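S.K.: Everything below, folded, please.
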Amino acid sequence: MPTDTTRDNSWDFGLDSAIPDLGDSGDVEVSSTDFSDTYYDTEDRDLLAHGTTVVYLDGGDDDGGDDDGGDDGGGNGRVPGWRVTTPSVGEVITERIDAPAAAVPSAIADALWGLAGGKPLRVAAIVHTHRTRHRHLDAAGEHAYDVVDDTVSATVTGPVATATSWREVSVRAGSREQAIPTSVRRRMAGAGARPASASSTFERAIGHEALRHADPASPAAGAVLDYVREQIATIVAGDIALRRGANPVHAVRVAIRRLRSTLRTAAPLFAPDGLADLDDELRWFAGVLGEVRDREVLRARFASAVADLPDELVLGPVAARIDEELSAQQHHHRQTVTDEMRSDRYRRLLSALATWNESVPLADDQISKKALRRTTIRAARKADKRLAHALATGNVEDLHRARKAAKRARYAGELAAPVVDRSLGRSQAKRYKKIQTVLGEHQDAAVAARTIRELGAGAGVRQGENGFTYGILYQRELAAAAAAREAVLSGQS
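M.R.: Residues are numbered from 1 along each chain as shown. Sure, this is the predicted structure:
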């Protein structure tokens with residue numbers, strides 16, 4: 001049967017076992033149907049490694065309830081067509097695409113090109129399901145719950161085709177407001193049912209359970225694993241969104257910063273092999289994205305700054321000229337992102353992230369709270385030291401390094417927050433976020449001042465334009481940088 005993302009009410013049954021009497025007082029309506037799902041992946045199962053599924057659903061007759069191969073959410077039966085399921089932060093996103101079954105639509109293949117490593121998507125498994133639905137009604141004749149009995153046969157393609165079969169029974173509430181009776185679960189278990197062994201139909205068909213992460217050996221280890229995988233999920237979701245022309249640049253850069261910060265501040269918690277290489281590659285791609293994000297931020301900043309000036313101080317088409325220049329630069333760098341995302345280097349990065357997602361290489365599964373506490377304390381001490389030095393020198397580069405150290409201290413607090421006391425978790429994250437924000441304004445103002453000076457120099461040589469307004473904007477950015485420095489200083493006194 002198709003994937004059921006909430007497996008609590010799904011059980012494995014013997015092919016010849018009988019469903020037990022569930023003790024209902026109402027009627028039971030029985031119906032049957034057959035349908036097939038065709039799953040696609042690369043030969044190396046790259047999509048599965050990223051937690052992504054591509055399946056074509058036939059138009060079989062069913063009245064609902066499945067998550068990657070069921071109805072349309074309104075009880076109107078299975079909808080034929082393509083279904084793409086991808087992981088995101090804290091959720092699974094499912095999309096439907098209406099296209100013929102002959103081949104994977106280009107809209108899907110192009111969006112998943114990076115996750116597939118540029119390899120073609122081919123039929124990986126064909127799964128046929130015979131479904132018998134027992135609709136249980138309560139004494140008043142209202143729909144109480146369904147018992148969905150699926151006998152499944154799967155054929156897996158490859159150098160040698162393999163076939164397997166199994167039976168899975170699920171219990172589903174009649175509506176979202178209803179709960180499955182505890183007695184139903186108890187009677188199922190009493191009949192010899194076992195909790196469903198696979199997290200998805202596709203995994204079970206091919207005998208692959210890599211995506212079923214084992215329970216962490218300690219709460220601290222769980223916090224590290226969750227934090228790392230959350231960032232990887234954001235980066236992977238960003239890859240798909242970027243290929244579809246969306247703009248997740250900021251979210252992806254933040255996820256990369258969080259992941260790189262964790263690799264550095266919590267380095268002793270990870271196996272050292274490949275750690276430096278992964279950090280280098282993440283830094284490279286963050287830099288490629290940063291060129292786009294910088295122009296995006298500057299465009300918004302200057303548009304607001306010009307709009308705030310009195311009309312008599314805006315001489316010439318300043319706003320249009322600035323946006324025109326920065327927009328052209330942004331478009332150029334966005335094309336660079338597109339090009340790099342088709343490079344071998346980028347494919348290797350995604351492959352490394354998929355490996356980490358399957359099995360984060362911890363140095364020790366038994367991470368202690370004490371180890372996480374040491375990580376947060378070290379990061380905080382380093383941030384404080386760099387901040388004190390930067391405030392003493394007033395040097396722009398020192399302030400920039402202090403900002404980066406504050407970010408790492410903030411992310412270390414986020415990492416440890418689920419398991420350490422508040423003073424070293426959420427409170428630390430909150431404190432250094434404030435410092436990061438103020439130092440970020442200093443950095444933004446410094447970059448804006450440099451940029452507006454360059455743009456103003458060009459304006460002075462164009463007919464009908466001059467650098468007067470650019471000079472005003474330049475001075476205001478210098479004042480903003482000075483105010484940020486003062487705000488940090490006063491905040492530390």
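
S.K.: so where's the protein shaky on pLDDT?
M.R.: In the predicted model of the chain, residues 1-8, 59-77, 89-91, 176-177, 198-199, 208-214, 422, 460-461, 491-493 satisfy pLDDT under 70.

S.K.: Beyond the top strand by length along it, next helix or strand please.
M.R.: As assigned by DSSP state E, the longest strand anywhere in the chain is strand 122-137. Per DSSP states H and E, the first helix or strand lying C-terminal to strand 122-137 is strand 143-156.

S.K.: packing partners for that following strand?
M.R.: strand 122-137, strand 162-173, helix 201-206 (3 or more C-beta pairs under 8 Å, 6 or more residues apart in numbering; DSSP states H and E). Placement of C-beta: from N, CA and C, glycine included.

S.K.: list the buried ones in the longest one?
M.R.: Spelled out, that is strand 122-137. Neighbour-count burial for strand 122-137, counted by 16 or more other C-beta atoms under 10 Å, picks out 124-129, 131, 133-137.

S.K.: go on, stretch 174-190?
M.R.: Neighbour-count burial for stretch 174-190 flags 174, 180-181, 184-185, 187-188 (criterion: 16+ other C-beta under 10 Å).

S.K.: so how far does it reach from one end to the other?
M.R.: 23 Å (C-alpha to C-alpha, to the nearest Å).

S.K.: got a list of contacts for that stretch?
M.R.: 9, 11, 20-23, 142-146, 169, 171-173 (C-beta atoms under 8 Å, 6 or more residues apart in numbering).

S.K.: Doesn't residue 82 lie inside a strand?
M.R.: Yes: per DSSP: H, G, I helix; E, B strand; the rest coil, residue 82 lies within a strand segment.

S.K.: Test my guess that it contacts residue 103.
M.R.: No: with contact defined as C-beta atoms under 8 Å, residue 82 does not reach residue 103; the gap is 10.5 Å.

S.K.: Just want to know which of those two has more residues nearby.
M.R.: residue 82 (21 against 14; other C-beta atoms under 10 Å).

S.K.: what residues are up against that one?
M.R.: Residue 82 neighbours (C-beta under 8 Å, 6+ apart): 54-57, 96-99, 104-105, 108.

S.K.: Any of the residues you listed buried? List them.
M.R.: Counted by 16+ other C-beta under 10 Å, the contacts of residue 82 give 54-57, 104-105, 108 as buried.

S.K.: And the residues you listed, which is closest to residue 38?
M.R.: residue 56 (4.6 Å; C-beta to C-beta).

S.K.: Bridge partners for the closest one, pull those for me.
M.R.: residue 38, residue 82 (DSSP bridges).

S.K.: what about it, distance to residue 129?
M.R.: 14 Å (C-beta to C-beta, to the nearest Å).

S.K.: count of neighbours near the nearest residue to residue 318 once chain neighbours are set aside?
M.R.: Excluding its sequence neighbours, the residue lying closest to residue 318 (C-beta to C-beta, 6 or more residues apart in numbering) is residue 469, at 4.7 Å. By other C-beta under 10 Å, the residues close to residue 469 number 23.

S.K.: Would you confirm that residue 469 belongs to a helix?
M.R.: Yes: the assignment for residue 469 by three-state DSSP puts it in a helix.

S.K.: how close does it get to residue 317?
M.R.: Relative to residue 317, and taking C-beta to C-beta, residue 469 is found at 10 Å.

S.K.: now residue 181
M.R.: According to C-beta to C-beta, residue 181 stands 71 Å off from residue 317.

S.K.: tell me the contacts of residue 15?
M.R.: With C-beta under 8 Å, 6+ apart, residue 15 has these contacts: 151, 165-167.

S.K.: can you rerun that using 6 Å?
M.R.: Neighbour list for residue 15: residue 167 [criterion: C-beta atoms under 6 Å, 6 or more residues apart in numbering].

S.K.: I'd assumed it was in a helix, is it?
M.R.: No: counting by three-state DSSP, residue 15 falls outside a helix, being coil.

S.K.: which SS class is the nearest residue in space to residue 281 that is not next to it in sequence?
M.R.: Leaving aside its sequence neighbours, residue 281 sits nearest to residue 349 (C-beta to C-beta, 6+ apart; 4.6 Å). State at residue 349, reduced to three classes by three-state DSSP: helix.

S.K.: do you know how far residue 349 is from residue 247?
M.R.: Applying C-beta to C-beta, the value for residue 349 to residue 247 is 20 Å.

S.K.: which of the two has more neighbours?
M.R.: residue 349 (23 against 14).

S.K.: if I look at the more buried one, how far off is residue 279?
M.R.: On the measure of C-beta to C-beta, residue 349 and residue 279 end up 11 Å apart.

S.K.: mind listing the helices for the stretch 151-300 of the chain?
M.R.: Taking DSSP state H, counting those that start in this stretch as the criterion, the stretch 151-300 of the chain carries its helices at 182-190, 201-206, 219-243, 249-265, 275-308.

S.K.: With only the CA atoms kept, save the shortest one in PDB.
M.R.: Pointing back at helix 201-206 there. The C-alpha trace of helix 201-206 is given here as PDB (Å, rounded to 0.1, in the frame of the first residue of the first chain):
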ATOM      1  CA  THR A 201       5.900   1.000   0.600                       C
ATOM      2  CA  PHE A 202       8.800   1.700  -1.700                       C
ATOM      3  CA  GLU A 203      11.400   1.000   1.000                       C
ATOM      4  CA  ARG A 204       9.700  -2.300   1.800                       C
ATOM      5  CA  ALA A 205       9.400  -3.300  -1.800                       C
ATOM      6  CA  ILE A 206      13.200  -2.900  -2.400                       C
END
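
S.K.: list the helices and strands it packs on?
M.R.: With contacts taken as 3 or more C-beta pairs under 6 Å, 6 or more residues apart in numbering; DSSP states H and E, helix 201-206 sits against strand 122-137, strand 143-156.

S.K.: Dump those to TSV, plus distance to residue 39.
M.R.: Shown next, in TSV, are the helices and strands packed on helix 201-206 (distance: least, C-beta to C-beta, whole Å):
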stretch	distance to residue 39
strand 122-137	5
strand 143-156	9
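
S.K.: Of the ones you listed, which is nearest residue 273?
M.R.: With C-beta to C-beta as the measure, strand 122-137 is the member of the helices and strands packed on helix 201-206 nearest residue 273 (30.7 Å).

S.K.: For the closest residue to residue 53 other than its chain neighbours, the count of nearby residues, please.
M.R.: Once flanking residues are discounted, residue 53 sits nearest to residue 85: 4.4 Å by C-beta to C-beta, 6+ apart. Close neighbours of residue 85, defined as other C-beta under 10 Å, add up to 22.

S.K.: do residue 300 as well
M.R.: If we define neighbours as other C-beta under 10 Å, then residue 300 has 12 of them.

S.K.: ok, back up a step: so which of the buried residues of strand 122-137 comes closest to residue 453?
M.R.: Proximity of these to residue 453 (C-beta to C-beta) peaks at residue 124, which lies at 56.3 Å.

S.K.: what separates the residue nearest to the closest one when sequence neighbours are not counted from residue 288, distance-wise?
M.R.: Spatially, and ignoring its direct neighbours in sequence, residue 124 is nearest to residue 41 (4.2 Å; C-beta to C-beta, 6+ apart). Applying C-beta to C-beta, the value for residue 41 to residue 288 is 28 Å.
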